[in-house]
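K.L.:
Fold the following for me, if possible:
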Amino acid sequence: MVTSSLRAADRLPGTSSPYIATIICQDGALLVTTPTHDNPQPVRHVAETITTLQEGDRVLCLLDDTIGVVVTDRIVPLADSHPGADLVTELDNGQLLFDAPKGLILRTGDAQIELRPDGTLLLDGREIHAIADGINRLLGARIELN
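P.N.:
Residues are numbered from 1 along each chain as shown. All right, here's what the predicted structure looks like:
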C-alpha cells in the first residue's frame, strides 16, 4: 500500500496520493512498478513536459480510477536536474559568482570569451570593441599591438 501525508479530503475523488514508481518495459509497453505493488500497471498518460521515458526511470505517478496511471514527473538527483548549479553562487550584493575550477567559456556564434585557471583571459571575435565613457586603460608588464 502506498501512503501519503495528504488526507483523503485533500485529493480529487478517484485519484490516489502521488507515489514514486519505476518504469519497466514489458512486451513493448511502458509499465510502472513499486516495491509494494505485485502487478505492474500500464502508463496511460504522461505530463506534457515529459518527452521520453526509459526503463529504469524513477517517476512520480497518480492513479486515476477513470484513466489509469498518470506519470506527472521524472525524478532525478538534484545535481542532474540543474547541471552546473553548484558552480553558481549569489553574493550578498546580488552579483553572481561563477566558480569553474577548470575554466569558463562564453560563446555565441563567432564570439568567445575564455577565462583560464592560470589567469589568462582570451577575447576572440571578428571585431572587438572597447568603449568607455571615461578612461580606457590597458595595463600590463608589456603591451603588444600587432
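K.L.:
going forward, measure contacts between C-alpha atoms and count neighbours the same way
P.N.:
Fine.
K.L.:
next helix or strand past the lowest-mean-pLDDT helix or strand in the chain?
P.N.:
For the chain, counting by mean pLDDT, DSSP states H and E, helix 78-81 ranks last in confidence among helices and strands (a mean of 58). Once the chain leaves helix 78-81, the next helix or strand it forms, by DSSP states H and E, is strand 88-90.
K.L.:
Not counting that next one itself, show me its contacts.
P.N.:
Applying C-alpha atoms under 8 Å, 6 or more residues apart in numbering, the contact partners of strand 88-90 are 96-99.
K.L.:
Neighbouring strands of it in the sheet, and parallel or not?
P.N.:
Looking at strand 88-90 with DSSP bridges, its partner strands are strand 96-98 (antiparallel).
K.L.:
Please state the backbone phi and psi of Val71?
P.N.:
phi -90, psi 120 (degrees, to the nearest 10).
K.L.:
Which pLDDT value goes with it?
P.N.:
Val71 is assigned a pLDDT of 90 by the prediction.
K.L.:
and the gap between it and Gly56?
P.N.:
14 Å (C-alpha to C-alpha, to the nearest Å).
K.L.:
okay, those two: which has more neighbours?
P.N.:
Val71 (25 against 12; other C-alpha atoms under 10 Å).
K.L.:
Enumerate every residue touching the more buried one.
P.N.:
Taking C-alpha under 8 Å, 6+ apart, we find Val71 in contact with 43, 45-47, 59-62.
K.L.:
who's it bridged to?
P.N.:
As assigned using DSSP bridges, the partners bridged with Val71 are Val46, Cys61.
K.L.:
Can you turn the buried part of the contacts of Val71 into a PyMOL selection?
P.N.:
Selection of buried members from the contacts of Val71 for PyMOL, criterion 16 or more other C-alpha atoms under 10 Å:
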select buried, resi 43+46+59+60+61+62
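K.L.:
Would you reformat the contacts of Val71 as a markdown table and include distance to Gly125?
P.N.:
Output for the contacts of Val71, formatted as a markdown table (distance: C-alpha to C-alpha, whole Å):
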| residue | distance to Gly125 |
| --- | --- |
| Val43 | 50 |
| His45 | 48 |
| Val46 | 45 |
| Ala47 | 42 |
| Val59 | 45 |
| Leu60 | 46 |
| Cys61 | 49 |
| Leu62 | 52 |
